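A.B. asks: have a look; sequence and predicted model below, questions after that.
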Amino acid sequence: MREDIPEWLGKPPVRGSIEWETWLEKWRDYARRELKDSAADDPDFDFGLLSVEERWRVALMLNIKEKINAGRNGESPQLPSGRATSDLAHASLVAWQVGRSVRSNEVDATSTEVDEWIAKRMNPKRRRLAHGIRYGFLDGLGSEAIAPSWSSPDYVAAYEAAWLLGNSIAIESDPR
């Protein structure tokens, strides 16, 4: 949770209560007007109540789900341009690869270009995220979640997002 909630607003009450709804409305109004926080209207980002690190993990999870589905649907990836590459952009392309692998394992110019792009920009954090996406998805297809290999919050977020999507695909395709 964010650290900069104003004192006049007080601590958030128990979620789901009438007091919570009142408090949340005051918070959202404050966050929109004073902080110019676009997440104040977004339930995925807990109406702007998440810390910067928590927001990054939510963005990672949403991005993984979107890009796995894009790969499954045969959409082409967009390689980031420029010299700087974010960890989120790197994870997006790994997620696209994972989604594409459900559709086809054929090597083509696009998949080769994405493979090379990912390999050139790998570092320990990105390797952890790629591992979480790939193995989370495979474990989800197998319907069994296992203990993640790393306990870092970013790895767990990547694993969980990919596992949930893999598991929903497994449930959809179950003939029972």
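C.D. replies: Right, received. Where do you want to start? Numbering: from 1, shown residues only.

A.B. asks: was I right about residue 13 contacting residue 19?
C.D. replies: Yes: counting by Cβ atoms under 8 Å, residue 19 is a contact partner of residue 13 at 3.9 Å. (C-beta placed from N, C-alpha, C; glycine too.)

A.B. asks: what's the closest non-adjacent residue to residue 14?
C.D. replies: Of all residues not flanking residue 14 in the chain, residue 20 sits nearest, at 6.2 Å (Cβ to Cβ, 6 or more residues apart in numbering).

A.B. asks: ok, now how distant is the residue nearest the centre of the chain from residue 7?
C.D. replies: Nearest to the geometric centre of the chain sits residue 61, at 1.3 Å (Cα atoms, centre = their mean). When distance is defined by Cβ to Cβ, to the nearest Å, residue 61 is 32 Å away from residue 7.

A.B. asks: do the same with residue 116
C.D. replies: Taken as Cβ to Cβ, the span from residue 116 to residue 7 is 52 Å.

A.B. asks: more neighbours: the two, which one.
C.D. replies: residue 116 (11 against 6; other Cβ atoms under 10 Å).

A.B. asks: contacts only, for the more buried one.
C.D. replies: For residue 116, no residue meets the contact criterion (Cβ atoms under 8 Å, 6 or more residues apart in numbering).

A.B. asks: list the buried residues in the strand or helix carrying it.
C.D. replies: According to DSSP states H and E, residue 116 maps onto helix 109-120. By neighbour count on 16 or more other Cβ atoms under 10 Å, the buried set for helix 109-120 is 111, 114, 117, 118.

A.B. asks: kindly report the same for stretch 156-170.
C.D. replies: So stretch 156-170, judged by 16+ other Cβ under 10 Å, has buried residues 157, 158, 159, 160, 161, 162, 163, 164, 165, 166, 167, 169.

A.B. asks: neighbours of the residue nearest to residue 14, how many?
C.D. replies: 13.
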